[in-house]
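**Q** return atomic coordinates for the entry below.
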Amino acid sequence: METTLGGRRFDWGSRVYLMGIVNVTPDSFSGDGVVDPGKAVEQGLRMVAEGADILDVGGESTRPGHAPVPPEEELRRVLPVVARLARESGVPVSIDTWKLEVAEPAVASGAAILNDVWGLQRAPRLAALATRAGLGLVLMHNQAGTEYRDLVADVVASLRRSLAVADAAGVPLGRVIVDPGIGFGKTAEQNLVLLRHQEQLLELGRPLLVGTSRKSFIGKLLDLPVDDRLEGTAATVAAAVLRGADIVRVHDVAAMKRVVTVAEALR
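**A** Here you go, the predicted model:
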């Protein structure tokens, strides 16, 4: 299965792609957020030089307890960054938002992928935008709270509901990417269980994105702050690749590119 996003071909299953995280926020959980658009663009271009295949630009923190950002402020943060990276980076730019009023101007500015942390379950009209504009669409599992009857089965079922919305809107098969939502609506132990059983997500028949970079479950395992989780992130990225991930979403592109190269050789 292959598709073209933002002028670049993605041959799913042939290799693992890296998505570099560009947080244009003052309150990113990972401590890497920048509010200056020029610095955010520099960060994105550096990530491409280090091996990123996609750049994911977000203007609202999604960490637990984050303060919601009005759409106009989110747009003020992301639009100049999306526009320049779309012109200058040579890779597809993803807009990390669940708000249609942010997504539409970002797409007009050059975003080629929508990364929806609520998997169309808060803003189903994003699917029609993806179809109309020929976009990639990342559907992430998320929920309020951490109660599940059967963790893996419930996550798969929720993603199937998201996929049904995308399918009904006519988004082509290879353009829809699923994400189990590590760190979203899950305890530290639940994140580990989901990663252990990640291969069950391959039953959905769509490209799989996994984002573990610097997340709190790694910090709890190692008792380390967010800026000291490189090795823990490397272990989770290797595990994700070995269990079938097509894309890994990371902060430390140069280091994780090496991890991915070795893990790919082993799978």
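**Q** was I right about residue 154 contacting residue 147?
**A** No. Contact criterion C-beta atoms under 8 Å: residue 154 and residue 147 do not qualify, at 9.3 Å. Glycine gets a C-beta too; all of them are placed from N, C-alpha and C.
**Q** which of these two has more neighbours?
**A** residue 154 (14 against 9; other C-beta atoms under 10 Å).
**Q** how about the more buried one: what's its closest non-neighbour residue?
**A** Nearest residue to residue 154, sequence neighbours excluded (C-beta to C-beta, 6 or more residues apart in numbering): residue 148, at 4.6 Å.
**Q** got the contact list for the one you found?
**A** Listed by C-beta atoms under 8 Å, 6 or more residues apart in numbering, the contact set of residue 148 reads 154-155, 190.
**Q** pLDDT at it, what is it?
**A** We note a pLDDT of 97 for residue 148 in this prediction.
**Q** go on, residue 109?
**A** 97.
**Q** is it true that it touches residue 86?
**A** Yes. Using C-beta under 8 Å, residue 109 makes contact with residue 86 at a distance of 6.6 Å.
**Q** which stretches of the protein form helices?
**A** 37-50, 71-88, 100-108, 126-133, 151-168, 188-196, 216-222, 230-242, 253-266 (DSSP state H).
**Q** take the ones you listed and lay them out in a markdown table including distance to residue 11.
**A** Listed next are the helices of the chain as a markdown table, based on distance: least, C-beta to C-beta, whole Å:
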| stretch | distance to residue 11 |
| --- | --- |
| helix 37-50 | 19 |
| helix 71-88 | 22 |
| helix 100-108 | 24 |
| helix 126-133 | 20 |
| helix 151-168 | 21 |
| helix 188-196 | 25 |
| helix 216-222 | 30 |
| helix 230-242 | 16 |
| helix 253-266 | 13 |
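**Q** pLDDT weak spots in the stretch 51-200 of the chain?
**A** Flagging of the stretch 51-200 of the chain using pLDDT under 70 yields the residue ranges 63-67.
**Q** 90 instead?
**A** Low-confidence segments of the stretch 51-200 of the chain, defined by pLDDT under 90: 59-71, 73, 173-174.
**Q** I'd like the distance between the residue nearest to residue 154 and residue 205.
**A** Residue 148 sits 23 Å away from residue 205, going by C-beta to C-beta, to the nearest Å.
**Q** repeat that for residue 2.
**A** Residue 2 sits 14 Å away from residue 205 when distances are taken as C-beta to C-beta.
**Q** go on, residue 15?
**A** Using C-beta to C-beta, residue 15 is found at 19 Å from residue 205.
**Q** is residue 82 in contact with residue 95, as I believe?
**A** Yes. Taking C-beta under 8 Å as the definition, residue 82 is a contact partner of residue 95 at 6.2 Å.
**Q** which residues are in contact with each of the two?
**A** Joint contacts of residue 82 and residue 95 (C-beta under 8 Å, 6+ apart) are 57, 106, 111.
**Q** so who does the second one touch?
**A** With contact set as C-beta under 8 Å, 6+ apart, residue 106 has these partners: 57, 75, 78-79, 82, 95, 97.
**Q** roughly how far apart are it and residue 142?
**A** According to C-beta to C-beta, residue 106 and residue 142 sit 20 Å apart.
**Q** same question for the last one.
**A** Distance, residue 111 to residue 142, using C-beta to C-beta: 20 Å.
**Q** these two: which is more packed in?
**A** A side-by-side neighbour count of residue 111 and residue 142, using other C-beta under 10 Å, places residue 111 first with 32 against 23.
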